[in-house]
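# predicted coordinates and the sequence they were generated for:
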Amino acid sequence: MKVIKFKMKLLISFLIIFPSIILSQEATLQVLNRWKKYNNKENSLYNYYLTQAIKLVNERENEIAKLTTKKDWQKRQKDIEMKLAKAIGEFPKKTPLNAKVVGISKKKDYSVEKIIYESRPNFFVTAALYIPNNLKGKAPAIINTIGHSLASFKRDIYQRTAINFVKKGFIVLTFDPLGEGERVQYFSPELNKSEIGGTVFEHMYVGLQTLLVGKSLANYFIWDGIRAVDYLISRNEVDTSRIGITGLSGGGTQSAFIAAVDKRIKATAPSCYITSMRRLFESIGPQDAEQNLYHALANKIDFPDLLEVRIPKPALVVTTSRDFFSVQGAIETTTEVKKIYNIFGAKNKFGRAEADSIHSMPSLNRIARHKFFQENFNLPGISDDEEVEYLKDELQITKTGQVSTSLGGETVFSMNKKVAEKFLNKLKISREKIDKHLRFINNSVKEISGYIKPKKLDDMVFTGRFQRSGYKIERYFIKGEGDYPIPFLLYLPNKITGATILYLNENGKSREDKIRNDINDEVRNDIELLVKQGYPVLAADLLGFGEMKQSITAKIKFGKNYGELDYSNFFASVQMGRSIVGIETGDIERLVLFIKQDKRLEKNDIYAFASGRLLTTSLLHAEALENNFSKIVLLNPLISYSSIVMNRFYIVNPLPAIVPGALTAYDLPDLEALVAPNKLLILNPKDHVDKIITVNIAQKKLGIVKDAFINKNSINNFQIVDIDLKKNIQNYYINYLTNTEIKY
């Protein structure tokens, strides 16, 4: 007896000390619990993009390895020019700059002209032109592009660059980039700052809108730079054969892009930007919106191409040893580029400068830039980095300090809206011939989203079973498109009487963390309610949800709320033409393959439920492409992509749900139209600011959906419902899925 009591005490002590071990083994619904292979699952999507990026980089390297002559490379330069033009997007026609000098500040060695010009009609650029005193003839000019800084060219590091160059005899033109200095795109007079946040956030915010119409924000940045060259050429003081460009960080991006497309720039020295796609993806990942060209990597455009397309024009890559842009990538890029300069017989026209420093512009690199431009522009003199006297209020260009409150005019949003309107008008016309339109949409969705149809079901793993009153739960995971799992729970009623339901919930595949031991416990979640009525349910966590929640890059404030931005994954998708939605669409098809292969399940009649913007969008793409579901419920779907581009402000949460380029061919209502004649319930649709839309408004916005169901003689299969949040939404869609009569 004493031995038994001792053993009981020991067992109780063990349970008290190690409860998590017992629960994790016996009572969890977490499919991937204790699978060390997937300890890094929060980076699953990014690691898959990384794998695909490296594959493309390797293919590019194999292609250029075959190019050995100057003629080979001249042909490639033309090819890169075309690919860059496609990735950047079409530029507008040149219009009058309407440049004005609105003030002049005279200094001992130079003067500064405060300038406003229009890079596009009514789209104002604020700039400063530094001119040396006592010029004798025409002088070489440097465009100094600015990195991410609210102060823009007023910041001391940028003033130091401009003043050092002008003291050495160069004319210097510098201008405010979009979202910086006096060109804040979302400036609030009440807040006296941007309503969106800092420079990066402004770029990403409006960049998402431009990407929906298939254009990178870089198009606007680059065009501002091209028009800066136009302005310099208009000045009598400038020697137009000696125009150079340089910039730090985001300015390095601009200088590399602008020089790559504008042949009038003789020499370029991008600083703290040049690396390689391989090392970028392996390290910090894709960054700001204007740094990512639309489908650039898909077309095998890499950092070296930005330099090689200019050969034999002079170039200097300026780096720091501790930059967050991988210096190893810069080393590898310059090694490749140097070989091509040698092939062109211009080895002395290219080099790299490196200082032991963080992401910055240390004195050593300043001197290297001075010397580079002095030598290539035949402007002798000392190359030292001088201490300078900084200007203060003298550099304010507009009366109020902001274009928006001084001059008004266009913004990127307003101009992009006009581009979107053209595509939406084409959609409107196309929808008039609905059968032809929907056939076209079906083909476009696959290409634009980057969907790849899975050929088979790979690596299915069963991880456990639990019995409950009237049903059982089985845990599985299958291999996704990449080397990551798709965990799911299969709820099986003891007696199957209904269709199999694919369940995708933005809150995760199950609202419970633990199995209940008491089989008489009250039913308390929607899945159980479905299963209790005889419907098998496959509840899965796709990338970004539940067990597969992905790492978050940043948060952005909108009003009182913060939205999460997973921008590394998103901009990786932009580079490679493989949207997050497209990948999730493939993973949904994998789950359907599982259902169709399981002999216990009804495979001829499959229903689907999805909640939230990303999952409803992915489910719509899956149905548009594969037509697997006879009944679909969408809870809180985004009403349309067009609502995001047609409104200045929107909630950022739909970022992963965006398919770049979608509005060039289709919108979400077109996908809903493709559901016809199958049954579709849209429950509490939401607008661009995440507010529920009433049925009357939704019906107007979803006219194409109604028309498609009428065309298929199935209008009764299409329903839009808005339910008061205080009422039981859960019971409503459960009744719908289980064929309970619904009263309207």
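Happy to help now that I have it.
# so where's this structure shaky on pLDDT?
Scanning the chain for pLDDT under 70 picks out the ranges 1-27, 511-524, 553-565, 654, 725-727, 740-744.
# per-domain residue ranges of it.
Domain ranges of the chain: 73-420, 450-737, per automatic domain parsing.
# would you reformat the ones you listed as JSON lines and include distance to Tyr38 and mean neighbour count?
Every residue, glycine included, has its C-beta placed from N, CA and C. Listed next are the domains of the chain as JSON lines, based on distance: least, Cβ to Cβ, whole Å; neighbours: other Cβ atoms under 10 Å:
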{"stretch": "domain 73-420", "distance to Tyr38": "20", "mean neighbour count": "20"}
{"stretch": "domain 450-737", "distance to Tyr38": "6", "mean neighbour count": "20"}
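# distance to Leu45 for those - can I get that in TSV?
Shown next, in TSV, are the domains of the chain (distance: least, Cβ to Cβ, whole Å):
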stretch	distance to Leu45
domain 73-420	11
domain 450-737	5
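# those domains: which one's closest to Ser44?
domain 450-737 (3.5 Å; Cβ to Cβ).
# distance between stretch 428-435 and the chain's centre?
Counting by Cα atoms, centre = their mean, to the nearest Å, stretch 428-435 is centred 30 Å from the centre of its parent chain.
# next: stretch 715-728.
32 Å.
# quick one: closest of the domains of the chain to Gln52.
Closest among the domains of the chain, once you apply Cβ to Cβ, is domain 450-737, at 5.9 Å.
# between the two ends of the closest one, how far is it?
Domain 450-737 has an end-to-end distance of 31 Å (criterion: Cα to Cα, to the nearest Å).
# try stretch 230-244
End-to-end for stretch 230-244, by Cα to Cα: 13 Å.
# residues in contact with it?
Here stretch 230-244 makes contact (Cβ atoms under 8 Å, 6 or more residues apart in numbering) with 94, 97, 99, 115, 117, 127, 129, 131, 135, 137-143, 171, 173, 229, 264-269, 373, 376-378.
# tell me which entries of those lie within helices.
Val229, Phe373, Asn376 (DSSP state H).
# which among these gets closest to Leu297?
Among the ones in helices among the contacts of stretch 230-244, Val229 lies closest to Leu297 (Cβ to Cβ), at 27.4 Å.
# gap between the closest one and Trp223?
11 Å (Cβ to Cβ, to the nearest Å).
# report the buried residues of the strand or helix carrying Val445.
Using DSSP states H and E, Val445 falls within helix 434-449. For helix 434-449, a neighbour-count test (16 or more other Cβ atoms under 10 Å) marks Ile434, His437, Leu438, Ile441, Asn442, Ser444, Val445, Lys446, Ile448, Ser449 as buried.
# for the first one, give me its contacts.
So that's Ile434. With Cβ under 8 Å, 6+ apart, Ile434 has these contacts: Ala673, Ile704, Asp707, Ala708, Asn711.
# same question for the last one.
Ser449 sits next to Ser579, Val581, Gly582, Thr585, His621, Val659, Ala662 when contact means Cβ under 8 Å, 6+ apart.
# on that earlier part again, report the distance from the helix holding Val445 to the chain centre.
Using Cα atoms, centre = their mean, the offset of helix 434-449 from its chain centre is 23 Å.
# same check, this time on stretch 28-42
Offset of stretch 28-42 from its chain centre (Cα atoms, centre = their mean): 27 Å.
# again, but for stretch 584-591
The chain centre lies 21 Å from the centre of stretch 584-591; the measure is Cα atoms, centre = their mean.
# now swap in stretch 575-587 and tell me
Remark: stretch 575-587 is offset 12 Å from the chain centroid, using Cα atoms, centre = their mean.
# for stretch 528-535, same thing?
39 Å.
# equivalent analysis for stretch 496-513, please.
Between the centre of stretch 496-513 and the centre of its host chain there is 29 Å, according to Cα atoms, centre = their mean.
# and Gly207, what is it in contact with?
Per Cβ under 8 Å, 6+ apart, neighbours of Gly207: Ser216, Leu217, Asp288, Ala289, Glu290.
# what about the strands in the stretch 501-650 of the chain?
In the stretch 501-650 of the chain, the strands defined using DSSP state E, counting those that start in this stretch lie at 537-540, 554-558, 561-565, 606-611, 629-635.
# so what does the first one touch, helix or strand wise?
Same thing as strand 537-540. strand 485-493, strand 500-504, helix 526-532, helix 580-597 (3 or more Cβ pairs under 8 Å, 6 or more residues apart in numbering; DSSP states H and E).
# what angle do the second one and helix 580-597 make?
Our comparison of strand 500-504 with helix 580-597, counting by axes from the mean of the first three to the mean of the last three Cα atoms, to 10 degrees, yields an angle of 150 degrees.
# summarise which helices and strands strand 500-504 is packed against.
helix 526-532, strand 537-540, helix 580-597, strand 606-611, helix 613-626.
# same deal with the last one?
Contact here means 3+ Cβ pairs under 8 Å, 6+ apart; on that basis helix 580-597 packs against helix 44-64, helix 434-449, strand 471-479, strand 485-493, strand 500-504, strand 537-540, helix 567-576, helix 613-626.
# tabulate the ones you listed in JSON lines, adding columns for distance to Thr161.
Output for these, formatted as JSON lines (distance: least, Cβ to Cβ, whole Å):
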{"stretch": "helix 44-64", "distance to Thr161": "33"}
{"stretch": "helix 434-449", "distance to Thr161": "41"}
{"stretch": "strand 471-479", "distance to Thr161": "51"}
{"stretch": "strand 485-493", "distance to Thr161": "50"}
{"stretch": "strand 500-504", "distance to Thr161": "52"}
{"stretch": "strand 537-540", "distance to Thr161": "53"}
{"stretch": "helix 567-576", "distance to Thr161": "28"}
{"stretch": "helix 613-626", "distance to Thr161": "43"}
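# picking that back up, Gly401: which of the ones in helices among the contacts of stretch 230-244 is nearest?
Checking the ones in helices among the contacts of stretch 230-244 against Gly401 by Cβ to Cβ gives Val229 as the nearest, at 26.5 Å.
# make sure that closest one is actually in contact with Ile265.
Yes - with contact defined as Cβ atoms under 8 Å, Val229 counts as touching Ile265 (6.6 Å).
# ok so, going back, how about the contacts of Ser449, which pair is most distant?
Across those (Cβ to Cβ), the longest gap, 12.8 Å, separates Thr585 and Ala662.
# Gln402 versus Phe124, what's the distance?
10 Å.
# need the residues touching each of the two.
Shared contacts of Phe124 and Gln402, defined by Cβ under 8 Å, 6+ apart, are found at Arg183.
# in which helix or strand does the residue lying closest to Lys436 once chain neighbours are set aside reside?
Spatially, and ignoring its direct neighbours in sequence, Lys436 is nearest to Ser430 (7.8 Å; Cβ to Cβ, 6 or more residues apart in numbering). Element membership for Ser430, per DSSP H and E: helix 412-431.
# mind giving me the packing neighbours of that helix?
helix 199-212, helix 434-449, helix 642-645.
# helix or strand right after the second one?
Reading on from helix 434-449 to the C-terminus, the next helix or strand found by DSSP H and E is strand 461-468.
# repeat that for the shortest one.
On the C-terminal side of helix 642-645, the nearest following helix or strand under DSSP H and E is helix 668-673.
# contacting residues around the following helix or strand past that next one?
Using DSSP H and E, the helix or strand that follows helix 668-673 in sequence is strand 679-683. Outside strand 679-683, the residues that touch it by Cβ under 8 Å, 6+ apart are 630-637, 672, 698, 702, 705, 709, 717-723, 729, 732-733, 736.
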